[in-house]
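Participant: Quick one, fold the following:
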Amino acid sequence: MATLKINAPEWTAANTNTVNTANTKAGNNTWNKLMAFADSQAPNKTVWFMFSLVSQGVLFLPVPAFLLYYYNAPIAVLAVTLVLFFANIIAGMGGSGIRTLLGFFAFSVLVHIAMLLVFML
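Facilitator: Below you'll find the predicted structure:
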């Protein structure tokens, strides 16, 4: 937990983290790189929002029709796709951060790939 130092000329957060950083540094390296990439894309948030909408509209919205018609998938596939699509719209238009926007998009990609694998294999 961070505490404030009142003796400093400015208010700064004191590092009270007592976790051994040698063990956690190797495990979090990929996560830190991913977060650094997401933070570096903050100026391009609108581009990522548009990319998310276009790619989902072209690639993921036809998935329920394909799975329902050819593989007799349940109607829940359509509900999942629409919830993920509108969640991305709300996240992008609602002003959420770039990490949230990219997280919703990545989660949507993973869910659609999983649905395709489950019903096609």
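Participant: show me where pLDDT drops low in this protein?
Facilitator: Across the chain, the ranges flagged by pLDDT under 70 are 1-27.
Participant: What are the contacting residues of stretch 29-38?
Facilitator: For stretch 29-38, contacts defined as C-beta atoms under 8 Å, 6 or more residues apart in numbering pick out 98-99, 102. Using the backbone N, CA and C atoms, a C-beta is placed for each residue, glycine as well.
Participant: Quick one: residues contacting the nearest residue to residue 78 once chain neighbours are set aside.
Facilitator: Of all residues not flanking residue 78 in the chain, residue 64 sits nearest, at 4.1 Å (C-beta to C-beta, 6 or more residues apart in numbering). Taking C-beta under 8 Å, 6+ apart, we find residue 64 in contact with 73, 77-78, 81.
Participant: Can you select the buried ones among those residues for me in PyMOL?
Facilitator: Filtering these down to the buried ones (16 or more other C-beta atoms under 10 Å) takes a single PyMOL command:
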select buried, resi 73+77+78+81
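Participant: Just name the closest of the contacts of residue 64 to residue 108, please.
Facilitator: For the contacts of residue 64, the closest approach to residue 108 (C-beta to C-beta) belongs to residue 81, at 8.7 Å.
Participant: correct me, but that closest one touches residue 62?
Facilitator: No. Contact criterion C-beta atoms under 8 Å: residue 81 and residue 62 do not qualify, at 9.3 Å.
Participant: circling back to that earlier point, filter the contacts of stretch 29-38 down to just the buried residues.
Facilitator: Using 16+ other C-beta under 10 Å as the burial test, the contacts of stretch 29-38 include 98, 102 as buried.
Participant: can you tell me which of the contacts of stretch 29-38 are in helices?
Facilitator: Using DSSP state H, the subset of those located in helices is 98-99, 102.
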